[in-house]
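Visitor: 3D model of this:
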Amino acid sequence: MRIMAEVVEVTDVDFTYGIGKALQGINLQVASGEFVGAIGPNGGGKTTLLKLIAGLLVPTSGQVRVFGQPAARSGRLIGYVPQFADVDRAFPITVEDVVLMGRLGLTSFLGGYREGDKKAARRAMEQVGVWELRQRRLGNLSEGQRQRVLIARALAGEPKLLLLDEPTASVDAEAEAAITEVLGRLHKSITIVMVSHDLELLKSHVDRIVYVNRRLQPVTGDLDMSIGRFLQLGN
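Guide: Below is the predicted model:
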């Protein structure tokens, strides 16, 4: 029998940007191997929650633990793909160079990347199907291809937890299908928390869904009815 250890433990978390609470009383546990989806209105705090789990933000109150320690100390175990890429698309950088960035902080950079870094980057590119694009410039790729490259960058660090913020936003149907297929394969080997407005993607891949609008509520029963009720109420 498989023992499901807790990977993420968010306990009584509030977060304030300065004017009112962005998140209030958040409690969330994610077990090893789970794929959890998060939905909610724009500005409801979904991205803030991901950043708290990633250790990029510190709770105003409460605590966030990842793999049994404060999130800020678990960075090497976490891969984070933001909604808005922080890579300059006009910069003349190749796909392989972008993916290798996922190794920064995990290895000594003196003398450049080592063979182990290059192998990890190759595995990540092969996982998401962009190995054949490795010498292409990032700025010359389609939106969907760029998104897969950024997922590969996160995977190059060999994380145990993958955090995804709207991975299929602003991509065409073909790219969405490719990313969906990638996520289906990743689910077999890694714990995932994903923010998305793509309900079909969520219903077909995640183990459970939570609704975030300042507070967090589980989505139970018939997904379409539950989601519709939350969206109608705006709460």
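Visitor: Okay, helices next: where are they in the protein?
Guide: Along the chain, counting by DSSP state H, helices occupy 46-54, 95-100, 115-128, 143-156, 173-186, 199-205, 223-233.
Visitor: any chance of the ones you listed in CSV, with mean neighbour count, distance to Val193 and mean pLDDT too?
Guide: (Each C-beta comes from the backbone N, C-alpha and C, glycine too.) Listed next are the helices of the chain as CSV, based on neighbours: other CB atoms under 10 Å; distance: least, CB to CB, whole Å; pLDDT from 0 to 100:
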stretch, mean neighbour count, distance to Val193, mean pLDDT
helix 46-54, 23, 7, 96
helix 95-100, 24, 22, 93
helix 115-128, 18, 18, 93
helix 143-156, 24, 12, 91
helix 173-186, 16, 12, 85
helix 199-205, 16, 12, 83
helix 223-233, 13, 17, 61
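Visitor: any chance of the ones you listed in a markdown table, with distance to Leu106 too?
Guide: Output for those, formatted as a markdown table (distance: least, CB to CB, whole Å):
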| stretch | distance to Leu106 |
| --- | --- |
| helix 46-54 | 16 |
| helix 95-100 | 11 |
| helix 115-128 | 8 |
| helix 143-156 | 9 |
| helix 173-186 | 19 |
| helix 199-205 | 28 |
| helix 223-233 | 38 |
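Visitor: Select, out of these, the one closest to Arg214.
Guide: helix 46-54 (9.7 Å; CB to CB).
Visitor: Quick one: residues in contact with that closest one.
Guide: 8, 10, 13, 15, 22-23, 26, 28, 38-40, 57-59, 64, 66, 71, 75, 78, 80, 82-83, 161, 163, 165, 193, 195, 212, 216 (CB atoms under 8 Å, 6 or more residues apart in numbering).
Visitor: Tell me which of those residues fall in strands.
Guide: 8, 10, 13, 15, 22-23, 26, 28, 38-39, 64, 66, 78, 80, 161, 163, 165, 193, 195, 212, 216 (DSSP state E).
Visitor: quick one on the thing from earlier: between the helices of the chain, which one is closest to Glu34.
Guide: helix 199-205 (11.5 Å).
Visitor: packing partners for that closest one?
Guide: strand 35-39, helix 173-186, helix 223-233 (3 or more CB pairs under 8 Å, 6 or more residues apart in numbering; DSSP states H and E).
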